[in-house]
Each structure stands twice: as structure tokens, then as C-alpha cells.
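K.L.:
The sequence and its predicted three-dimensional model are supplied below.
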Amino acid sequence: MNLSISVSDKHLRNLEEIAKEEKVHRADAIREIFELGIKEWKLRRALRLYREGKTTLWKAAEIAELTLHEMIDVIDKEGIPYDYDVDATLDYIRRLKVKG
């Protein structure tokens, strides 16, 4: 699928610099930056929902596409207090057993 967007001259210069630094075509640099942006957006959304008490730790990890352990590390780094949900944790463990 193709997508067409307009960017400022500043962003275009940044893209050119990134592509040159990474030794890739500009389109490849754009795709990488786009993927990084989506990943960051998902993580921020997951953290916001968790911080607001609107989701469990396990669900936040799922939203951010991280493992539970990775999400715990992020929450620690962000200084967000744990809202430990025993039932959600047990559900996560059950899911791991089914996958394994």
C-alpha cells in the first residue's frame, strides 16, 4: 500500500540525513521512522491507560506489544506505581502455559 504525505523542508533534510547515515534509501528510512513512531505511540498509550487505572499491567503490556517483564521494566523506569492485579497476573501465567 502506498501513502503520500507532505513534510516540511526541515523534516525532509532530517530524513535525508538519516538515510545517508544509515546507508539506506529514503523510503526505507521513512518506513523505519514510521514503525518507531507507532511503537512509541502504543507504549505511551499503554502507560497512560495504566497510570489512569483504565487497564491492567498485563493488558498494558499487550497494548504496547511488550512482554510483561519488559512492561514492568518500563513502568519502573517511568516511576509509575504498581497496581498489582493478582487475577490478571494469574491469567497471564495461564496464557503463557497454553502458548508453551
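P.N.:
Received, thanks.
K.L.:
And the lowest mean pLDDT element among the helices and strands of the protein?
P.N.:
helix 86-99 (a mean of 75; mean pLDDT, DSSP states H and E).
K.L.:
And for it, what's in contact with it?
P.N.:
Thr56, Leu57, Trp58, Lys59, Leu68 (Cβ atoms under 8 Å, 6 or more residues apart in numbering). Bear in mind the C-beta positions are built from the backbone N, C-alpha and C, glycine included.
K.L.:
Let me know the pLDDT of Arg51.
P.N.:
Per-residue confidence at Arg51 stands at 93 (pLDDT).
K.L.:
Can you name the element that comes right after the top helix by length along the chain?
P.N.:
Longest helix of the chain, by residue count under DSSP state H: helix 26-51. Tracing the chain C-terminally past helix 26-51 and defining elements by DSSP states H and E, one meets helix 57-64 next.
K.L.:
what helices or strands is the helix or strand following that next one leaning on?
P.N.:
The helix or strand immediately downstream of helix 57-64 is helix 68-78, counting by DSSP H and E. Packing partners of helix 68-78 (3 or more Cβ pairs under 8 Å, 6 or more residues apart in numbering; DSSP states H and E): helix 26-51, helix 57-64.
K.L.:
just these: most buried one?
P.N.:
Burial of those is given as mean neighbour count (mean count of other Cβ atoms under 10 Å); helix 57-64 ranks first at a mean of 21.
K.L.:
got the angle between that helix and helix 68-78?
P.N.:
90 degrees (axes from the mean of the first three to the mean of the last three Cα atoms, to 10 degrees).
K.L.:
who does helix 57-64 touch, helix- and strand-wise?
P.N.:
helix 26-51, helix 68-78, helix 86-99.
K.L.:
Off-centre distance for the second one?
P.N.:
The one in question is helix 68-78. 12 Å (Cα atoms, centre = their mean, to the nearest Å).
K.L.:
Show me the shaky parts of the protein.
P.N.:
Across the chain, the ranges flagged by pLDDT under 70 are 83-86, 88-89, 100.
K.L.:
hmm, try it at 90
P.N.:
For the chain, the stretches with pLDDT under 90 are 1-5, 56-58, 68, 80-100.
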